[in-house]
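Asks: My questions are about this predicted structure, shown below with the sequence.
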Amino acid sequence: MQFYRSHVLICAGTPCILKGCGAVRDAFITELKNQGLEEEVRVVETGCLGPCDLGPVIVIYPEGTLYEKVKISDVPKIVDEHLLKGRIVRDLISEGSIPGIIPYKEPVYFGIQERIVLRNCGIIDPSSIEEYIARDGYQALAKCLTEMKPSEVIEIVKQSGLVGRGGAAFPTGLKWSFTANTKDDQKYMICNADEGEPGTFKDRLILEGDPHSIIEAMTIAGYAVGATRGFVYIRGEYGLSIDRINQGIQQAESMGLLGDNIFGSGFSFKLEVKKGAGAYVCGEETALIESMEGNRGEPRVKPPYPGTHGFLGKPTVVNNVETLANVPQIILNGADWYRGYGTPKCPGTKVFTMTGDINNKGLIEVPMGITLREIIYEIGGGIPEGREFKMAQTGGTSGGCLSGEMLDVPMDYFTLPEKGSALGSGALLIMDDSHCIVDIAESFMRFFVRESCGKCAPCRVGTVRLHEIVKKVACGDGTYEDLEILEDLGRTMRETSLCGLGQSAPVPIMTMLRYFKDEFMAHIEEKRCPSETCKL
Amino acid sequence: MNVVPADLNNVESIVNEIVTRHEGNKHELVAVLNDVQKTLGYLPESALIQVADGLDIPLSKVYGVATFYTLLSIKPMGKHVIRVCESAPCHLLGANSLIDVLRKELRISIGETTKCGTFTLEHTSCLGLCGVAPAIMIDDEVFGNLMPDDIPAILEKYK
């Protein structure tokens, strides 16, 4: 094996690819060759490091120096000064939100982050199984298969307090035990990678940046519940994610870490990718199963739940990508270790995706229970152009909206619902005071009209009616009665819709009405849009 | 539609080959339609009939599935499909002005195909590129951090 004295890690998550990291990589390779350093310095493309706004981002190890917004023209200087002469190029490390230099843990952006799910993202080459193994990869699987009974695996996951990170927050260990307790000869394990909640891109970047963690976790889950076949259902738009998982499966199979008789334990597990065809509702687990069976992705009536009657009528576990990525670390380090993060009621970390009016858009992982204020102002670098915070929507378009007075509410799966919002998938859409609430509400509702699958009437008709009424208000034709109808219709949809889509579609409107009713009233009574967005 | 892919002449053999690859398994319908769409560019009626026959399922069901998913189309598509993300994060950062420029440049509305058959313009639900919003996807390629002025140069690459 060849040893290198330095490594140049280039973030090659999709956001950095769009910012031109490929050309920067080529420039490094050429320049290193010019300087005769190609045997001493290795260039590695990694998964997402997180600060998408600062891309292309590179980190030079062993120092851990982080250069941001690297241009091709910067490369000769970095190679000449840093890699050849050992002098950090200070004027290329911006004074912005990631201040100064080294060490890896210090900068503000990473300071209050805790990386369990993202521990390998941005650190390893995701196309190399060897690098994953070097970071303790597949050790948790080995431990399960050689030292633990399936029931013990489930018990640790139960003890850890891990709950589903797709949004529903159902206890993972309990979910596994339902399937484990069935006696069927065939059971299935599915990873739900049909990430479609607007504002959420964590699963995409986990799959791109650390595909083997998902493959390992699914195999562990398969062993725990007695499933011998697994599927990763990835949405059709996520090309790179699909490629990385397929490549990972091949590598794991060739090393005997997947397939027949893994580690000589007698346990066999076969994994394959199922590609979606574009439908938001397929993120709902029974709709996803319908799609896998070759049907329209329409949710099933529950119960029975997939745990006992899932894919092809057989017991099936469906877990979100982020949920699974926690599993190997919990097995290796124990439930107590995991409970050391987050809050007693809601242990562990959460991956958030920060979007909208925030200085550092991107991917972060923080302990459960962190406040919105810490995320926005300490990690996110605040609101651009010194504007005022107006509203944050948590949990994606189906999540609730929080106003400025809620900035100090702890963000976890149990506190936010008390405030009428939800943590959901971890999407955080930040809006400054330049936006109109009614205009945003109209955009949200348009989304649900398009994505409702049409199976149940409350959602099929309700989403259209909600949209019509909000649009009427945005055009200045609304009445006070309309707002009452919105409330009433919203309540009805929450109580009568078949699945989470229809149940949560009215949530953004209902929370907006709670916190920003005066803006709706300005459109109705004064025919005026306070932020001058709507054309009245 | 001026551009007719040559493959439309042997729909039968193409569909049969895809059905065989999926072992005639009716549960693979979505995967089969994904593959047919990839080869033919869209799902013509003749292909739907052939799929129904090959997988031994009613044509009405094949039609139902083919029209449910946004990545599948029973209408002929342009050579390149432009999908504009219009979800909240992109909306907030100016997706509407991108759509305005695209409509002006291509002289078509959302859901339409240019006369020359080069481009189809569509909305898409969230592409998961919110970190670099506003974003669009052309065929399998994604673009982010877009300003309206960036659009003409991008289109030029595909003409």
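Replies: That came in fine, so what should we check first?

Asks: beta partners for residue A:394?
Replies: Beta-bridge partners for residue A:394, by DSSP bridges, are residue A:428.

Asks: Isn't it up against residue A:400?
Replies: Yes: with contact defined as CB atoms under 8 Å, residue A:394 reaches residue A:400; the gap is 6.6 Å. In short, each C-beta sits where N, CA and C put it, glycine included.

Asks: any low-confidence regions in the stretch 1-150 of chain A?
Replies: For the stretch 1-150 of chain A, the stretches with pLDDT under 70 are A:1, A:94-111.

Asks: neighbours around whichever residue of it sits closest to chain B, how many?
Replies: Per CB to the nearest CB, residue A:52 is where the stretch 1-150 of chain A lies closest to chain B, at 3.3 Å. A total of 31 residues lie near residue A:52 under the criterion other CB atoms under 10 Å in any protein chain shown.

Asks: my guess is it meets residue B:135, correct?
Replies: No: with contact defined as CB under 8 Å, residue A:52 does not count as touching residue B:135 (11.4 Å).

Asks: got the residue ranges for the helices in chain B?
Replies: If DSSP state H is used as the criterion, the helices of chain B fall at B:11-21, B:29-40, B:45-55, B:59-66, B:88-92, B:95-106, B:151-158.

Asks: Report the distance from stretch A:515-528 to the chain centre.
Replies: 35 Å (CA atoms, centre = their mean, to the nearest Å).

Asks: quick check, it touching chain B?
Replies: No: judged by CB under 8 Å from any CB of the partner chain, stretch A:515-528 stays clear of chain B, getting no closer than 15.4 Å.

Asks: any low-confidence regions in chain A?
Replies: In chain A (pLDDT under 70), the answer is A:1, A:94-111.

Asks: and it, what are its domains?
Replies: A:6-106, A:129-338, A:349-432, A:437-525 (automatic domain parsing).

Asks: First-to-last residue distance for the second one?
Replies: Start and end residues of domain A:129-338 are separated by 25 Å (CA to CA, to the nearest Å).

Asks: is it up against chain B anywhere?
Replies: Yes: against chain B, domain A:129-338 shows contacts by CB under 8 Å from any CB at A:195-201, A:203-204, A:236-239, A:274-280, A:291-297, A:312.

Asks: so of those residues, which ones are in helices?
Replies: Using DSSP H, these in helices are A:203-204, A:239, A:291-292.

Asks: lowest average confidence, helix or strand, in chain B?
Replies: Least confident element among the helices and strands of chain B, by mean pLDDT, DSSP states H and E: helix B:88-92 (a mean of 91).

Asks: what helices or strands is that helix leaning on?
Replies: strand A:349-356, strand A:427-432, helix A:437-451 (3 or more CB pairs under 8 Å, 6 or more residues apart in numbering or on different chains; DSSP states H and E).

Asks: ok, residues contacting that helix?
Replies: For helix B:88-92, the external contacting residues (CB atoms under 8 Å, 6 or more residues apart in numbering or on different chains) are A:198-199, A:355-357, A:393, A:397, A:429, A:431, A:435, A:440, A:443-444, A:447, B:126, B:130, B:133-135.

Asks: swap in stretch B:98-117?
Replies: With contact meaning CB under 8 Å, 6+ apart, stretch B:98-117 is reached by B:1-3, B:75-79, B:82, B:84, B:86, B:119-123, B:134, B:136, B:146, B:148, B:151-152, B:155.

Asks: switch the cut-off to 10 Å
Replies: By CB atoms under 10 Å, 6 or more residues apart in numbering or on different chains, the residues outside stretch B:98-117 that reach it are B:1-4, B:75-82, B:84-86, B:90, B:94, B:118-123, B:134-136, B:143, B:146-152, B:154-156, B:159.

Asks: one step back: shared neighbours of residue A:52 and residue B:135, which are they?
Replies: With CB under 10 Å, 6+ apart, residue A:52 and residue B:135 have common neighbours A:14-15, A:18, B:129, B:144-145.

Asks: Can you tell me which of those residues has the most neighbours?
Replies: Neighbour-wise, the shared contacts of residue A:52 and residue B:135 (other CB under 10 Å) top out at residue A:15, 35 neighbours.

Asks: got the contact list for residue B:69?
Replies: A:236, A:276-279, A:282, A:291, A:296-297, B:30, B:33-34, B:37.

Asks: Pull the contacting residues for the residue most central in space within chain A.
Replies: Taking CA atoms, centre = their mean, the centroid of chain A lies closest to residue A:202, which sits 2.4 Å from it. By CB under 10 Å, 6+ apart, the contact list for residue A:202 reads A:48, A:117-118, A:121, A:165, A:195, A:320-322, A:325, A:350-353, A:363-365, A:425-427, B:128.

Asks: mind running it again at 8 Å?
Replies: Contacts of residue A:202 (CB under 8 Å, 6+ apart): A:195, A:321-322, A:351-353, A:363, A:425-426.

Asks: from memory residue A:467 sits against residue A:442, does it?
Replies: Yes: with contact defined as CB under 8 Å, residue A:467 reaches residue A:442; the gap is 7.2 Å.

Asks: and residue A:434, how far is that from chain B?
Replies: Distance of residue A:434 to chain B, given as CB to the nearest CB, to the nearest Å: 10 Å.

Asks: Show me how far stretch A:176-192 is from its chain's centre.
Replies: Between the centre of stretch A:176-192 and the centre of its chain there are 25 Å (CA atoms, centre = their mean).

Asks: Using PDB, list the CA coordinates for that stretch.
Replies: Output of stretch A:176-192 as PDB, limited to C-alpha atoms (Å, rounded to 0.1, in the frame of the first residue of the first chain):
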ATOM      1  CA  TRP A 176     -37.900  -4.000  14.300                       C
ATOM      2  CA  SER A 177     -39.400  -6.100  17.000                       C
ATOM      3  CA  PHE A 178     -42.800  -6.200  15.300                       C
ATOM      4  CA  THR A 179     -41.300  -7.800  12.300                       C
ATOM      5  CA  ALA A 180     -38.900 -10.000  14.300                       C
ATOM      6  CA  ASN A 181     -41.800 -11.500  16.200                       C
ATOM      7  CA  THR A 182     -43.600 -12.700  13.000                       C
ATOM      8  CA  LYS A 183     -43.100 -16.300  11.900                       C
ATOM      9  CA  ASP A 184     -43.100 -15.800   8.100                       C
ATOM     10  CA  ASP A 185     -40.500 -17.700   6.000                       C
ATOM     11  CA  GLN A 186     -39.800 -14.500   3.900                       C
ATOM     12  CA  LYS A 187     -39.300 -11.000   5.400                       C
ATOM     13  CA  TYR A 188     -38.000  -7.900   3.800                       C
ATOM     14  CA  MET A 189     -35.900  -4.900   4.800                       C
ATOM     15  CA  ILE A 190     -36.400  -1.600   2.900                       C
ATOM     16  CA  CYS A 191     -34.400   1.600   3.100                       C
ATOM     17  CA  ASN A 192     -36.700   4.600   2.300                       C
END
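
Asks: in that stretch, what's buried?
Replies: By neighbour count on 16 or more other CB atoms under 10 Å in any protein chain shown, the buried set for stretch A:176-192 is A:176-177, A:179-180, A:187-192.

Asks: wait, which of these is closest to chain B?
Replies: Distances from chain B to the buried residues of stretch A:176-192, taken by CB to the nearest CB, are shortest for residue A:188, at 12.2 Å.
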